[in-house]
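Novice: Structure of the sequence below:
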Amino acid sequence: MFQFNTDFFKKMQFYAVSQFRQNPDYTNLCEVIGKDFNDLKKISQYILNCVDIDNATGIWLDYIGWLVGTTREYFNITQFFSVNSADVNVEKYIWFPSQTVGQIENLNDELFRKRIYAKIGYNISTGTREENIYILKNMTNANHVKIKKVAPMTLDITIIGDAILYTQTLLEDINNVLGMGVGTRNLQIVGE
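Specialist: Model (predicted):
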């Protein structure tokens, strides 16, 4: 949280020469100007706190998300099937625009904050293993992420947690985080 600790009236009195400090007109002028600057300080502090990711809520957090390129909305794919079920690799699922009605959900502030941090990490990532794990944990709300190299440029990824955020584009999003040319052989999601 940003904090300003200056009382401008006291500061103006402190830097004034003694002849001015004794003049009541000068003191009144300092008091008026100091009050205005103190009010401006409070407004500035409020705005700075609103754009701090850890303190922002509601529309301010939506604005920060917009700046980094993400939104609260996600397509809740869990209502269609379980990612770990055997039929995922056998049957093909087709989604039509009309099927998304009622399936779009919004993240609360706490989860959206994690998504913003993940997007920031994704935007500036240099692709190290630790950065990828950090981004995937925040992107999926996982407790743990395991990345195993199984072949050149091919990975197995295990996401562990009880409140994993499933989206229709989860595998595509993970491949975007990993970068061009890196593929995911297996994506496994495990409850804790």
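
Novice: what residues are up against the spatially most central residue of the chain?
Specialist: Centroid-nearest residue in the chain, with C-alpha atoms, centre = their mean: Ile116, separated by 1.9 Å. The contact partners of Ile116, by C-beta atoms under 8 Å, 6 or more residues apart in numbering, come to 53, 61, 64-65, 68, 70. Using the backbone N, CA and C atoms, a C-beta is placed for each residue, glycine as well.

Novice: Then Tyr117?
Specialist: 53, 138.

Novice: Could you rerun that using 6 Å?
Specialist: Asn138 (C-beta atoms under 6 Å, 6 or more residues apart in numbering).

Novice: Could you look up the SS state of it?
Specialist: Three-state assignment for Tyr117 (DSSP: H, G, I helix; E, B strand; the rest coil): helix.

Novice: that older thread, just the ones of the contacts of Ile116 in strands?
Specialist: The strands, defined by DSSP state E, take in nothing from the contacts of Ile116.

Novice: Just the buried residues out of those residues, in PyMOL syntax.
Specialist: Buried members of the contacts of Ile116, defined by 16 or more other C-beta atoms under 10 Å, are picked up in PyMOL with:
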select buried, resi 61+64+65+68+70
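
Novice: now, which of the contacts of Ile116 lie within helices?
Specialist: Those of the contacts of Ile116 mapping onto helices are 61, 64-65, 68, per DSSP state H.

Novice: Lowest pLDDT pick from the residues you listed?
Specialist: Lowest-confidence member of those: Val68, scoring 84 (pLDDT).

Novice: Go through the host helix or strand of Leu171 and flag the buried ones.
Specialist: Using DSSP states H and E, the element containing Leu171 is helix 170-178. Judged by neighbour count using 16+ other C-beta under 10 Å, the buried positions of helix 170-178 are 170, 173-175, 177-178.

Novice: so can I have JSON lines of the residues you listed showing pLDDT?
Specialist: Shown next, in JSON lines, are these (pLDDT from 0 to 100):
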{"residue": "Leu170", "pLDDT": "79"}
{"residue": "Asp173", "pLDDT": "79"}
{"residue": "Ile174", "pLDDT": "81"}
{"residue": "Asn175", "pLDDT": "79"}
{"residue": "Val177", "pLDDT": "75"}
{"residue": "Leu178", "pLDDT": "75"}
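
Novice: In TSV, list those residues along with distance to Phe8.
Specialist: What follows is the buried residues of helix 170-178, written out as TSV (distance: C-beta to C-beta, whole Å):
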residue	distance to Phe8
Leu170	52
Asp173	49
Ile174	52
Asn175	54
Val177	47
Leu178	52
